[in-house]
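Visitor: Next come a sequence and a model predicted from it.
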Protein chains: 2
Amino acid sequence: MPTRAIPEATVARLPVYLRALLDLAEGRGESTVSSEELARLAGVNAAKVRKDFSYLGSYGTRGVGYDVEYLLYQITRELGLTQDWPVAIVGVGNLGRALASYKGFSERGFRILALFDVDESVVGRKVAGLDVRHLDDLKEVVTESGISIGIIATPPGSAQEVADRLVDAGVKSILNFAPAVVNVAPDVTARRVDVSIELQILSFYQQRTQAIAAAREANRRLGAGRPGR
Amino acid sequence: MPTRAIPEATVARLPVYLRALLDLAEGRGESTVSSEELARLAGVNAAKVRKDFSYLGSYGTRGVGYDVEYLLYQITRELGLTQDWPVAIVGVGNLGRALASYKGFSERGFRILALFDVDESVVGRKVAGLDVRHLDDLKEVVTESGISIGIIATPPGSAQEVADRLVDAGVKSILNFAPAVVNVAPDVTARRVDVSIELQILSFYQQRTQAIAAAREANRRLGAGRPGR
DNA sequence: TTGAGCTTGTGATCGCGCTCACAAAAGGCC
DNA sequence: GGCCTTTTGTGAGCGCGATCACAAGCTCAA
């Protein structure tokens, strides 16, 4: 089967190119774009852009560049965004509510169709125009709404159980916002978005540069104290 | 200068180990943990755990494992989490508010000290116990509060300008939630959290498995129609 | 039609990160 | 004390991803 394999790293960049191309398409009359310009807009280098596109096929014209509309269509198709995806959010706390009312999803074809929680004080309420259902109804609702993507926005302690229930209900794609590791079967794709981890990574690099600056300062003072420079 | 270089990939996993170790430390009396068990908790394999820790130093005991408390301290120190980090959030929309009231930050030593926006209808209001300041006050507030980490939670169109202002104010670490690429000077670390991109990546893999299933189905039907199997 | 000027597409190379496999070391048991 | 079990620490090998550099191919002008 000739499903030419697209490297993971490339897949992760396609949405970035997609956004840059959408900006270009509505921004100006220019109907073609060079790898150089697209690279600048996407924050990568031109060689990477060309190599990435070469995995999709030969969609450019030498000496000219890439046709914006055509490339847009190809990336959209490759990412599976020609169809809408039905999404469920589990956990209607602060974060769950913010996600449920985020406009950006529907613009990109992700339809939030169902919200779940276990807290009796929110089950039955309306949030962002949707009835909050009890987690026990998950399988039923997922099946009848054909939901294919599940978002976990629960406290960390419940994340694994929710993931298990989503998988049991047939969901094959999970986006996990809970600060916890969730293990899923190999035929399920789970990705993690963890804000605290991102901050801790920033902390590492910030601390390192501060430590280097402090060492240099200490060095300078030592050097100044030494006679004869 | 013997700042032994810790690979980026390892740095990104340290927070995951940290969380697993915190769970272990409060969960049970066992004061030691093997790379095998920690690997399971962190969702990676044991060899990677050991190699990662080897960059920090030789903190384990052969035949026994790693001392949980000691390892916790070493990772905390390495990540620069022995101190608190003052954080500012720019953009007090849905997401900005959810982030401002997220408890997980303070638990991990990230103190949200200031909120900024340009919308006159929120500037001056209190959100999560903090006065929302005007973006024009950014430099002043950042300087006097010693803020070192900036979070961008604005619409995409403003992201680059906000990033520029943060950098101008002296911020060296930026976490960008806006669906836009921001370019910063090489001495500034900028990381991106983009929910739509994550969903689009999920879409790619989901679509691919669906396409494969469809192809197999079509194949099956063709095969059934062919005489003699 | 030919040549100049761009820009793509891609083989080649390099480096990083992951995995493997095993020697080294520690503890416990007889 | 010596042997057996367990688990770490790490050298070696490998594969993926990034970058480089250039031939191929397109447009335009004369």
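Guide: Noted; the coordinates are in hand. Numbering: from 1, shown residues only, chains lettered A, B, ... in the order given.

Visitor: middle-most residue in chain A, spatially?
Guide: A:V193 (7.6 Å; C-alpha atoms, centre = their mean).

Visitor: thinking it is in contact with B:S196, fair?
Guide: No. The pair A:V193 / B:S196 is not scored as a contact, 11.1 Å apart, by C-beta atoms under 8 Å. For the C-beta atoms, the positions are set from N, CA and C on the backbone; glycine is no exception.

Visitor: Other residues contacting the host helix or strand of A:Y17?
Guide: Assessed by DSSP states H and E, A:Y17 sits inside helix A:8-27. Helix A:8-27 has contacts (C-beta atoms under 8 Å, 6 or more residues apart in numbering or on different chains) with A:30, A:33, A:38, A:41-44, A:48-49, A:51-52, A:55, A:68-69, A:71-72, A:75-76, A:78-79, A:81, B:179-181, B:194, B:196-197, B:200-201, B:204-205.

Visitor: returning to what we had before: phi, psi for the residue nearest to the centre of chain A please.
Guide: Main-chain torsions, A:V193, degrees, to the nearest 10: phi -120, psi 110.

Visitor: residues near the residue in chain A that DNA strand D sits nearest to, how many?
Guide: The nearest approach of chain A to DNA strand D comes at A:G63, 2.6 Å away (C-beta to the nearest atom of the strand). Neighbours of A:G63 under the rule other C-beta atoms under 10 Å in any protein chain shown: 5.

Visitor: got the residues of chain A near DNA strand C?
Guide: Applying C-beta under 7 Å from any atom of the strand, we find that chain A lies next to DNA strand C at A:33-36, A:46-47, A:50-51, A:53-54, A:58-66.

Visitor: redo that, cut-off 6 Å
Guide: A:34-36, A:47, A:50-51, A:53-54, A:58-60, A:62-66 (C-beta under 6 Å from any atom of the strand).

Visitor: secondary structure element for A:E140?
Guide: A:E140 belongs to helix A:138-145, assigned by DSSP H and E.

Visitor: circling back to that earlier point, for the record, mean pLDDT for the helix holding A:Y17?
Guide: Taken as a whole, helix A:8-27 carries a mean pLDDT of 96.

Visitor: So it, near DNA strand D or not?
Guide: Yes. Helix A:8-27 reaches DNA strand D (C-beta under 6 Å from any atom of the strand) through A:8-9.

Visitor: so after that helix, what's the next helix or strand?
Guide: That would be, after helix A:8-27 and using DSSP H and E, strand A:32-33.

Visitor: how far does that next one sit from the chain's center?
Guide: 26 Å (C-alpha atoms, centre = their mean, to the nearest Å).

Visitor: in its sheet, what does it sit against?
Guide: Taking DSSP bridges as the criterion, strand A:32-33 pairs within the sheet with strand A:65-67 (antiparallel).

Visitor: worst-scoring helix or strand of chain A, pLDDT-wise?
Guide: helix A:195-225 (a mean of 85; mean pLDDT, DSSP states H and E).

Visitor: can that one be found next to chain B?
Guide: Yes. For helix A:195-225, a contact with chain B is found by C-beta under 8 Å from any C-beta of the partner chain, at A:195-212, A:215.

Visitor: Just the buried residues of those residues.
Guide: Buried members of the residues of helix A:195-225 next to chain B, counted by 16 or more other C-beta atoms under 10 Å in any protein chain shown: A:195-208.
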